[in-house]
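give the three-dimensional model of this entry:
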Amino acid sequence: MPSAKDVKANTQHLKIMVIGSYGTGKSTFAASAPTPGFVFDFDGHILTYAGRDFDYETYDMNWQSWVKFEKDLLQLRKDCKYKTVVVDSTTTMTDLAMERALMLDPKRSPTGGPIWNVHYQMVRNLVEGKLRQIVSLPANVIVLSHIDIKRDESTGAIIDIGPLLTGQLSEKVPGYFDEVYYATTRREKGVTAWYLQTVPIGLTKARSILSGKEHRLPDFVPNDWQEIMKYIEKGGQK
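Predicted coordinates for the structure are as follows:
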């Protein structure tokens, strides 16, 4: 039987989730990944990938687009010729799943909106199922998610900072990934610099299997695929 003593950091077919606010460089990181690549462009951010070898599909905000997405993913699973597959982002992907759920079940709340234990449960099942299929692809997978700050209803205190996903998926989905990074920015010498946080700090739950107990990655690594690979290849010393 194999021994854990022989296991080494494997940078092939990495599964990475990047969480962050708008404008923190999530799509920029994805665009730096190995090509050829494919982008499920839910957010309409394909311009970020301009000049790079990424095929893509975009999706309008209607239930028919969810069906189109399912067909696109089915084709990709049959013949995945890409080194990297990107979901940009789960936020609009979730909105699209709600459009599909509202079409599948005509029931509505008294205010005409979705019903929590009907439509939101359907959204959870739709999104979770498709994300599992995407993560299982024989490629690097990068899933981008906007940040969700949860507060205590009585005190207003921040109690959690995680990905913006439906219900328990905000806790469950990050577990599908080898790497969970939080995208952030700093001002350095008067200009904005983009970084990825690789360790848990405060209420954020960043983590890195690649970094390991050897701490191959710094707590904040420059927001670029090749920068991460340089650290890993040199055992933590860039």
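
ok, His45 to Val85 distance?
15 Å (Cβ to Cβ, to the nearest Å). (Each C-beta comes from the backbone N, C-alpha and C, glycine too.)

of the two, give the one with the bigger neighbour count.
Counting neighbours by other Cβ atoms under 10 Å for His45 and for Val85 shows that Val85 has the greater number, 24 against 21.

could you show me where the strands are in the chain, in order?
In the chain, the strands defined using DSSP state E lie at 15-20, 37-41, 54-58, 84-88, 140-151, 158-163, 179-188, 191-197, 207-208, 220-222.

can I get these in TSV including mean pLDDT?
Shown next, in TSV, are these (pLDDT from 0 to 100):
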stretch	mean pLDDT
strand 15-20	98
strand 37-41	98
strand 54-58	98
strand 84-88	98
strand 140-151	95
strand 158-163	90
strand 179-188	96
strand 191-197	96
strand 207-208	96
strand 220-222	97
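
tell me which residues touch the residue nearest the centre of the chain, please.
Nearest residue to the geometric centre of the chain (Cα atoms, centre = their mean): Val143, 2.3 Å. Contacts of Val143 were listed using Cβ atoms under 8 Å, 6 or more residues apart in numbering, and they are 16-18, 86-87, 89-90, 131, 134-135, 173, 177.

scan these and report the most crowded one.
Counting neighbours by other Cβ under 10 Å, Val86 leads these with 30 neighbours.

do I have it right that that one meets Pro36?
No. Between Val86 and Pro36 there is no contact under Cβ atoms under 8 Å: 11.9 Å.

quickly list what's touching both of the two.
Contact with both Val86 and Pro36 is made by residues Phe54, according to Cβ under 8 Å, 6+ apart.

tell me the buried residues in the helix or strand bottoming out on mean pLDDT in the chain?
Using mean pLDDT, DSSP states H and E, strand 158-163 stands out as the lowest-scoring helix or strand of the chain, at a mean of 90. Using 16 or more other Cβ atoms under 10 Å as the test for burial, strand 158-163 gives 161-163.

and stretch 118-135, by the same measure?
118-120, 122-124, 126-128, 130-131, 134-135.

now intersect those with the helices, please.
Among the buried residues of stretch 118-135, DSSP state H puts 122-124, 126-128, 130-131, 134-135 in helices.

name the nearest of these relative to Thr11.
Minimum distance to Thr11 across these is 16.4 Å, recorded for Val135 (Cβ to Cβ).

apart from its chain neighbours, what residue comes closest to Gly235?
If the residues on either side of it in the chain are set aside, Gly235 comes closest to Arg216, at 6.0 Å by Cβ to Cβ, 6 or more residues apart in numbering.

and Ser170, by the same measure?
Gly162 (4.7 Å).

now do Glu171
In space, and not counting its chain neighbours, Glu171 is closest to Gly162: 7.2 Å by Cβ to Cβ, 6+ apart.
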